[in-house]
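Engineer: Compute the structure for the input listed below.
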Amino acid sequence: MSAAMRPAVAVSLLAAALSLAACKPTSLTAPSGAAAKPATATAAKPATGDVGANDNLNAVLWVQRAAEYEAVTQTVYRAAADQLDAALKQPNWDALVPGERGNAATGLPPAVVMDVDETVLDNSPYQARLVHDGASYDEATWDLWVAEKKAKPVPGVVDFAKAAAAKGVTILYISNRAVHLKDATIANLRAEGLPVKDDSVFLGLGTFVEGCEQNGSEKLCRRKLAGQKYRVLMQFGDQLGDFAEIVSNTPKDRDALYAEYADWFGERWYMLPNPTYGSWEPAVFNNAWEQPAADRRKAKLDALELAK
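Structural biologist: The predicted structure is shown next:
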C-alpha cells in the first residue's frame, strides 16, 4: 500500500492485474509516482446520526460484504502458490525490475516481497469508521488503529505465506507503515498466523538504506535493500508503486508502467484488489491535494468515460 490510508472511489483496475500471462521480462527504467495521499471522506462531519454521502461507502462495503472480494484474493494467492515451485527451480528467476537489481540474484536465498496494508492485512474496519463518522484519514487515528492490532488477514494470504515459508522462502514486508509502527505491525502479523522470521523482515517507511535517497513514500530503496540480500521470487501489492517506481504519477505514465510489465503480473507480480484508495486517484486531478475537495471530486467526475 502507499504511504497512508487514502479512501477513494472503487475502480476496476484489478481485472488487468489478475491476468495470468506468461512472464517475459523486459528491460525498463521503471517509472514511478508520488504516493497517494489521504482522500477526504467528506468535507465536514455530518450531524449526529446522519452518515451523509460518502464516495468511499460502496468500496468499503464491497471489501467487507462481497463474496466476490474474497474470491478475487483467494484466486490471486492460489495462483501464486501454484507458481512458487517453478520460481524456486529457476536460478535466474527474479521479480525485481532490472533498474532496481544492483547485484546478481543467482545464489541468494529466496524471498517474496509483500506490501502489508490491503495486501496482507485488511484495514477496512478503519475505513468503515471513517465512513460511519463522516471523518477523513489522519495520522493520529491511523496510528491508533495500528496500535489496536486488530487487522485481519486478507483471505488467502496466510495459507500462501505459510506454504512459502515451509519451502524455505523468507517473507519480506515492505510497508509504508512508518517505522515507529513496526512493533505493533509485527505483533498483528504474528497474531494472525503470518510468518515473521525476525524484526529485520519488516521494512517500513523511514528505513535507512545506505547510498539510496528516499523519495517520499516510494519503496525503491527498500526493494534495492531486499535485492542485496535475497533473490526475490515474487512481489505482492495493491498499488503499482508496490512493484516498481513510478517517476511521474500521471495516468499516461502509470499506463506505460503497466504495459511494460503486463507479462509479469500473474507470474512474478501479484496485484490485490483495493478499491478504497491508491495513487490512481490523485493521478486524475494532477496530484493536487491542496485543491478543495469539491474541485478534486469534479476532476474525478470529468475523468469518467460516459456511454455514448
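Engineer: Mind pulling up the pLDDT for the nearest residue to residue 223 once chain neighbours are set aside?
Structural biologist: Nearest non-adjacent residue to residue 223, counting by Cβ to Cβ, 6 or more residues apart in numbering: residue 100, 5.1 Å away. Every residue, glycine included, has its C-beta placed from N, CA and C. Residue 100 is assigned a predicted lDDT (pLDDT) of 95.
Engineer: what residues are up against residue 100?
Structural biologist: The contact partners of residue 100, taken as Cβ atoms under 8 Å, 6 or more residues apart in numbering, are 30, 220, 223-224, 227, 244-245.
Engineer: If we use 7 Å, what do you get?
Structural biologist: Neighbour list for residue 100: 30, 220, 223-224, 227 [criterion: Cβ atoms under 7 Å, 6 or more residues apart in numbering].
Engineer: Among those residues, which ones are in helices?
Structural biologist: 220, 223-224, 227 (DSSP state H).
Engineer: so how far is residue 199 from residue 225?
Structural biologist: 14 Å (Cβ to Cβ, to the nearest Å).
Engineer: between the two, who's got more neighbours?
Structural biologist: residue 225 (21 against 9; other Cβ atoms under 10 Å).
Engineer: before we move on, back to that, for the contacts of residue 100, point out the one with the lowest pLDDT.
Structural biologist: Lowest confidence among those: residue 30, with 32.
Engineer: if we can go back for a sec, so which of the ones in helices among the contacts of residue 100 is the most crowded?
Structural biologist: Of the ones in helices among the contacts of residue 100, with other Cβ under 10 Å as the count, residue 223 tops at 27 neighbours.
Engineer: Quick check: it touching residue 95?
Structural biologist: No - using Cβ atoms under 7 Å, residue 223 is not in contact with residue 95, being 9.5 Å away.
Engineer: can you count the residues close to residue 288?
Structural biologist: 10.
Engineer: Name the SS class of it, please.
Structural biologist: Assigned by DSSP: H, G, I helix; E, B strand; the rest coil, the conformation of residue 288 is coil.
Engineer: how close does residue 180 sit to residue 289?
Structural biologist: Counting by Cβ to Cβ, the gap from residue 180 to residue 289 is 23 Å.
Engineer: Comparing the two, which residue is more hemmed in?
Structural biologist: A count of neighbours by other Cβ under 10 Å puts residue 289 above the other of residue 180 and residue 289, at 17 against 12.
Engineer: Would you check that that one makes contact with residue 282?
Structural biologist: Yes - look at residue 289 against residue 282 with Cβ under 7 Å: they come within range, at 6.4 Å.
Engineer: and the biggest helix by length in the chain, which residues are buried?
Structural biologist: With secondary structure taken from DSSP H, the chain has its longest helix at helix 67-89. Residues 69, 72-74, 76-77, 79-80, 83-84, 87-88 are the ones in helix 67-89 that count as buried (16 or more other Cβ atoms under 10 Å).
Engineer: With only the CA atoms kept, save that helix in CSV.
Structural biologist: In CSV, the C-alpha atoms belonging to helix 67-89 read as follows (Å, rounded to 0.1, in the frame of the first residue of the first chain):
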residue,chain,number,x,y,z
ALA,A,67,-18.2,-12.7,-1.7
GLU,A,68,-16.5,-11.6,-4.9
TYR,A,69,-13.8,-9.8,-3.0
GLU,A,70,-12.7,-13.0,-1.2
ALA,A,71,-13.0,-14.9,-4.5
VAL,A,72,-10.5,-12.5,-6.1
THR,A,73,-8.0,-12.5,-3.3
GLN,A,74,-8.1,-16.3,-2.9
THR,A,75,-7.6,-16.6,-6.7
VAL,A,76,-4.5,-14.4,-6.5
TYR,A,77,-2.8,-16.3,-3.7
ARG,A,78,-3.7,-19.7,-5.1
ALA,A,79,-2.2,-18.7,-8.4
ALA,A,80,0.9,-17.6,-6.7
ALA,A,81,1.2,-20.8,-4.8
ASP,A,82,0.9,-22.8,-8.0
GLN,A,83,3.8,-20.8,-9.5
LEU,A,84,6.1,-20.9,-6.5
ASP,A,85,7.9,-24.2,-7.3
ALA,A,86,8.7,-23.1,-10.8
ALA,A,87,10.2,-19.9,-9.5
LEU,A,88,12.3,-21.7,-7.0
LYS,A,89,13.7,-24.1,-9.6
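Engineer: which residues sit in contact with residue 96?
Structural biologist: With contact set as Cβ under 7 Å, 6+ apart, residue 96 has these partners: 223, 227, 232.
Engineer: Need those residues in TSV (columns: distance to residue 187).
Structural biologist: Below are the contacts of residue 96 laid out as TSV (distance: Cβ to Cβ, whole Å):
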residue	distance to residue 187
223	25
227	27
232	25
